[in-house]
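Peer 1: Structure of the sequence below:
(chains A and B)
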Protein chains: 2
Amino acid sequence: MPPPREPLQARLDAITRLLERHRLLESLVERQSTAKRDLLEQMQRRENLVELQRHLRGIHPADLAGILASLPTEERLLVFRQLESRDAGLTLVELEPEIRETVIEGLSRDEIATAVRELDADDLAYLADALPADVYRNAAATLQAADRSWTVDPNTFPEDSVGRLMRRDVVALRADQPAGDALEALRQGGPLPDQTDRLFVVDARHLFRGSVLLQDLVRAQPATPLAALAIADAAAFVPSDAADRAMTAFERYDLLSAPVVDELGKLIGRITIDAVVDYQRSLADEHALARAGLRGAEDLFAPVVESVRNRWPWLAINLLTAFIASRVIGAFEETIAQVVALAALMPIVASIGGNTGNQTVALVVRALALDQLAESPRRLLRKELAVGAVNGAMWGAVVGLAAWLFYRELSLAGVMAAAVFLNLAVAALAGVLVPLGLRRFGRDPAQGASVVLTFVTDGMGFFLLLGLARLALT
Amino acid sequence: MPPPREPLQARLDAITRLLERHRLLESLVERQSTAKRDLLEQMQRRENLVELQRHLRGIHPADLAGILASLPTEERLLVFRQLESRDAGLTLVELEPEIRETVIEGLSRDEIATAVRELDADDLAYLADALPADVYRNAAATLQAADRSWTVDPNTFPEDSVGRLMRRDVVALRADQPAGDALEALRQGGPLPDQTDRLFVVDARHLFRGSVLLQDLVRAQPATPLAALAIADAAAFVPSDAADRAMTAFERYDLLSAPVVDELGKLIGRITIDAVVDYQRSLADEHALARAGLRGAEDLFAPVVESVRNRWPWLAINLLTAFIASRVIGAFEETIAQVVALAALMPIVASIGGNTGNQTVALVVRALALDQLAESPRRLLRKELAVGAVNGAMWGAVVGLAAWLFYRELSLAGVMAAAVFLNLAVAALAGVLVPLGLRRFGRDPAQGASVVLTFVTDGMGFFLLLGLARLALT
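Peer 2: This is a model prediction of the structure:
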C-alpha cells in the first residue's frame, strides 16, 4: 500500500481552478446589468461553491491551514466558509498566528462561534488569545462539565513556559490497582486521548508516583499492581519551567510524553511530543525571521503599512551603524583624495572581515546552544586567532596580489595585505567575544551577534586600511 | 516529585574538578625524578580515575555525549575510557558526527570493539559509516542470529532518504487474529521495542494492512479481530522516499511512528518520531552553518588546518563578489576624486539595500518552505515593490538629510536620496526573484539567496550612487 500522495495534490489543483473560475465569474458579473447579474451570480456561484465544498471535505486540517495560508485574504475567507464546522475549528487551531488573525477578523461572531463549537477544551484554550472575549467565554461555557474544569486560560502561565505547552487530558491510575483491573477500567471508559504512550500513576492524595508505559501495561500479568510496573520518568515538569527545558529533555531522552505536576507534586497535566515539535518549529521560525531583522512573521498579503512597521526598527539600527562606519571613512577623506584607489579597495577589507567573523560567530553560537563551551573560552580564542592568522596570511597575499595587478603599486599592495591580515585578527577576536559577551549580558547570542560583529569588522576594516595608508602612502 | 535537576549539574562540576586535578597531577609528575614519578602516578591516577568512573555512572548517554563534546580531545578520550562498555556504545551513538570521529580515531580497535559489543542492530547499523570496516563486520557477526537479519547497511539507501531513518524493530500481527489472542501473544513474548505506540497488521503474505494503536488494543474486546481495530495510517513510506516528506508528515499529522513498506507493499520497518526530531535538528544545524559558509560542523578543538579547509570556499566566493563590487567603484575613480565625500557615503547605500533585501529574502524563503507561494509571485512582487517604495522614500529622506548635515551640499543630498530610493527598489526585486530563481534551478533558496542578493545590492548601490553623482555633480 504505497502512500496516498496524488489525491492531495489533485485536490489542490481542483481548488485552485475553482477559485480562478470564481474570480472570472466575479469580473464577468460586474460587467452585466443588475437584473441579469443577480441571476447569473446566484446560479453559478452556488454550483461553484458546492463543488468547492466537495473538494475540501476530508482534507486534514493541517493541510487545510496550508491551503488557506497560500491564498489572498478574500479567497482565504471564501474557502474557510465552505469548511464543515468541525474542520473549520481544527483548521483555526492549525493556522499560523498571523494568518489566523486575518481569518478571525474577516468572520462574523456567529461564524467564529460555529467554528469553535466542537473543539475540545485543550484546543479551545489554545485559541483563547485569538478569539473575541465573549465568543471564547460562550464556547467555554457550553463545554461539558467534565471538560470545563480543564479550560484554564493558558495566559495565566508566562510565555515560553511549560504551562503553555501543557494539556490537561491525563489518564491517572491508582498505584495500588492491579494491572488487570486497570485494563478493565480502561475498557469501560471512553477512548484514550491521542498521543497517549503512558498512563500516570498517582497515590490516594493524587500525588504523582510514576508512569506506566502502555506497552508494559499490555504485557503485564493481571495481578501485578501498577506500582510495580511504574517507571521513574526521565523528566517531570512544573508549569513554570521553561519550555526550553522540556524541549531539551524530549530530544535527549527520546520522550513521547511527560508528566506535569504542581508545587505539591500533584499530577495536573502532561506535555506531548507534538506540542514540543510545534514549539521547536515556531522557535526556529521566529529566530530565522529575527536574524533578518523582522519582528514577526508577515502574512504575504498583509497591507504595506503593516510590513513597513514590521521592518523598520532593524533598518534603523543598521543605518545607524552604517553612518558610524561612514564617519570613519569621512575622517580620512584627505588620504582618499590623494590615493583614490583606496575608495575602491576598502569594501574588500570590510567584507572579508565580516565573512570570516560570521563563520566564527556561527560556530560559537552553535557551541553555546549545545552547551559545549563549559571550558573557559581562552583555548577557543587561541585557536580562532590561529585560524585567523593563517587565513589572514593567505587571503592577505591574495588581496595584495590583486591590488598590485589592478594598480601596479607595491606599497598599496602591501598596505592592503596588512589591513586584511589585521582585520581577520579583529574578526577572530570579535567572533568569539561578541556572542560570549551577549550571553553574559543575558541577550540571545544567536540574534544580535551578527550585527555587532559586522559593525566591528566594517568599521575596523575601513580604519585599518585608511589608517595604514595615511602612514605609508601619503 | 519535582524533577531531578541538581544531580546532573553537581556531577558535571565534580567531573570538571577531577579533570583539573588530573591536569595538575600530570604537570607535577613531569617535574619529579623517574622512580618517584612512576609511583606517584600509579597511585594518584588510579584513585582519581576510580572517582571519575563513579561520577560518570548512571548519567544518560545523551548527557555523556554533551560532556565529551565540551572537552578537549585528550580529556575527551580519558573520560570516554572510564565509561562502562554499554554506556560507551550508546554514547558513541549519541555523539555529534565530528566529535565521534575524534573519539574513534583516538581509541584502539579493541576499545572500539568493546564499546560497540552490546549495541543492538539498529544502533550498530547507525554507526556503520563511522566504525573501522573490520570492527563493524565483527560486531555485526556476533549479533544474535535473529538480530543479524536487520543489520542491513543503511548506506544502501541514498542520503536524506526514509531508508536512513528506518528501524527494523517492527511488531507485526496477523489481521485475522482476535485482540485477546494478540494480547496473550505479546504477554508471552519479549518486551516491546521502545517508541512503540502502534502495532502493524499484516495479512498472510506479510502485506501491510494498517496499524492498531496500543491505546485501542488495550480497550478492545478480546474477540474483536485486529482488522476491525486497524486504522489507515495518515502516512506510510517506502525507503526511497525523501526524509523531508516523513518530516512534514510527522509534523502535520502529529504522528509518533509510521510504517515503511517495500515496493510490493510488504512491511519492512518503521520510522519513529525520535529519529524524525533528530533529523530535523541536524538539518537545521547544517543549514545554520551553511548560511555562515561552513561546510560542516567543526569540533571546537579541531586542528587549525582542518578549520581553514572547512572555511575557505565561502571566503573565496565572497572575495570574488567583493572584487567585482570593487571594480564597479574603480570605474568611477575620476568622480570620487572630484567629490571625495562619495567614498564615505557609498557604503550606506549598499548597506541599507542589503538589509532590506535580506528581509524580503527571509519572508520569501519562509513562504517557500511552508508552501505558501502557490499563487504566482506577481502579487507578492507588487507588494514588495510597494513596501520598497515606502521604505525608499522614508529612508531616502533620512539619508539625504544626514548627507546634507555632514556636507551642506543640496545636490549631493539629492543624489544620496535618489540612490537609496532606487537601490531599495532593486533590493525588493532581487529579494523576491533571487530565491524564486534559485528554486527554479533546483538550488536551496535558503542557502545561496543571501550571498547573491548582497552581491546585487552592493554592486547596484555603488553603481547607482556613483553613476548619479557623475551625471549630477561633475
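Peer 1: Helix, strand, or coil at residue A:124?
Peer 2: helix (DSSP: H, G, I helix; E, B strand; the rest coil).
Peer 1: Give me the below-cutoff pLDDT ranges for chain A.
Peer 2: Chain A contains residues with pLDDT under 70 at A:1-12, A:21-22, A:24-45, A:144-155, A:374-376.
Peer 1: All the strands of it, residue numbers only.
Peer 2: Remark: strands assigned in chain A by DSSP state E are A:172-174, A:198-202, A:208-213, A:257-261, A:267-272.
Peer 1: Just put those strands in a markdown table and tack on distance to residue A:291 and mean neighbour count.
Peer 2: C-beta: built from backbone N, CA, C; applies to glycine. Putting those into a markdown table (distance: least, CB to CB, whole Å; neighbours: other CB atoms under 10 Å in any protein chain shown) gives the following:
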| stretch | distance to residue A:291 | mean neighbour count |
| --- | --- | --- |
| strand A:172-174 | 43 | 18 |
| strand A:198-202 | 37 | 24 |
| strand A:208-213 | 39 | 22 |
| strand A:257-261 | 30 | 24 |
| strand A:267-272 | 28 | 23 |
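Peer 1: neighbours of the closest residue to chain B within the stretch 301-450 of chain A, just the number please.
Peer 2: Per CB to the nearest CB, residue A:362 is where the stretch 301-450 of chain A lies closest to chain B, at 3.5 Å. Neighbour count of residue A:362, defined by other CB atoms under 10 Å in any protein chain shown: 24.
Peer 1: Leaving out sequence neighbours, find the closest residue to it.
Peer 2: Spatially, and ignoring its direct neighbours in sequence, residue A:362 is nearest to residue B:292 (3.5 Å; CB to CB, 6 or more residues apart in numbering or on different chains).
Peer 1: So which of the strands of chain A is nearest residue A:318?
Peer 2: When the strands of chain A are compared for distance to residue A:318 using CB to CB, the nearest one is strand A:267-272, at 38.8 Å.
Peer 1: Against which helices or strands is that closest one packed?
Peer 2: strand A:198-202, strand A:257-261 (3 or more CB pairs under 8 Å, 6 or more residues apart in numbering or on different chains; DSSP states H and E).
Peer 1: and the last one with strand A:267-272, angle?
Peer 2: Right, the one you point to is strand A:257-261. Strand A:257-261 runs at 150 degrees relative to strand A:267-272, counting by axes from the mean of the first three to the mean of the last three CA atoms, to 10 degrees.
Peer 1: What lies in contact with strand A:257-261?
Peer 2: The list of residues contacting strand A:257-261 from outside it, by CB atoms under 8 Å, 6 or more residues apart in numbering or on different chains, reads A:162-163, A:166, A:170, A:195-198, A:200, A:208, A:211, A:233-239, A:246, A:249-250, A:267-273, B:1-2.
Peer 1: any idea how far it is from the chain center?
Peer 2: Distance of strand A:257-261 from the chain centroid (CA atoms, centre = their mean, to the nearest Å) equals 23 Å.
Peer 1: Just the angle for that strand relative to strand A:208-213, thanks.
Peer 2: On the basis of the same axes, to 10 degrees, strand A:257-261 is oriented at 170 degrees to strand A:208-213.
Peer 1: okay, the angle between strand A:257-261 and strand A:198-202?
Peer 2: For strand A:257-261 against strand A:198-202, the angle by the same axes, to 10 degrees is 30 degrees.
Peer 1: Alpha carbons of strand A:257-261, as PDB, please.
Peer 2: The C-alpha trace of strand A:257-261 is given here as PDB (Å, rounded to 0.1, in the frame of the first residue of the first chain):
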ATOM      1  CA  SER A 257       5.100  12.500  26.700                       C
ATOM      2  CA  ALA A 258       6.000  13.600  30.200                       C
ATOM      3  CA  PRO A 259       4.000  14.500  33.400                       C
ATOM      4  CA  VAL A 260       3.400  18.000  34.700                       C
ATOM      5  CA  VAL A 261       2.900  18.300  38.500                       C
END
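Peer 1: Quick check: residue A:446 touching residue A:291?
Peer 2: Yes. Residue A:446 is in contact with residue A:291 according to CB atoms under 8 Å; the separation is 7.4 Å.
Peer 1: nearest spatial neighbour of residue A:130, skipping sequence neighbours?
Peer 2: Leaving out its chain neighbours, the residue that sits closest to residue A:130 by CB to CB, 6+ apart is residue A:100, at 5.5 Å.
Peer 1: what's the spacing between that neighbour and residue A:437?
Peer 2: 38 Å (CB to CB, to the nearest Å).
Peer 1: Could you check which of the two has the larger neighbour count?
Peer 2: Using other CB under 10 Å as the criterion, residue A:100 and residue A:437 rank with residue A:100 on top: 22 against 15.
Peer 1: That one and residue A:464, how far apart?
Peer 2: With distances taken as CB to CB, residue A:100 is found 51 Å from residue A:464.
Peer 1: What's the local residue count around the closest residue to residue A:136 other than its chain neighbours?
Peer 2: In space, residue A:136 comes closest to residue A:128 once its chain neighbours are excluded; the distance is 5.6 Å by CB to CB, 6+ apart. Counted with other CB under 10 Å, the neighbours of residue A:128 add up to 17.
Peer 1: I'd say residue A:128 and residue A:137 touch.
Peer 2: No. Residue A:128 is not in contact with residue A:137 according to CB under 8 Å; the separation is 9.8 Å.
Peer 1: Give the burial count for residue A:245, as a bare number.
Peer 2: 15.
Peer 1: that older thread, quick one, what contacts the residue nearest to residue A:362?
Peer 2: Residue B:292 makes contact with A:358-359, A:361-363, B:314, according to CB under 8 Å, 6+ apart.
Peer 1: Which among these count as buried?
Peer 2: Neighbour-count burial (16 or more other CB atoms under 10 Å in any protein chain shown) is assigned, among the contacts of residue B:292, to A:358-359, A:361-363, B:314.
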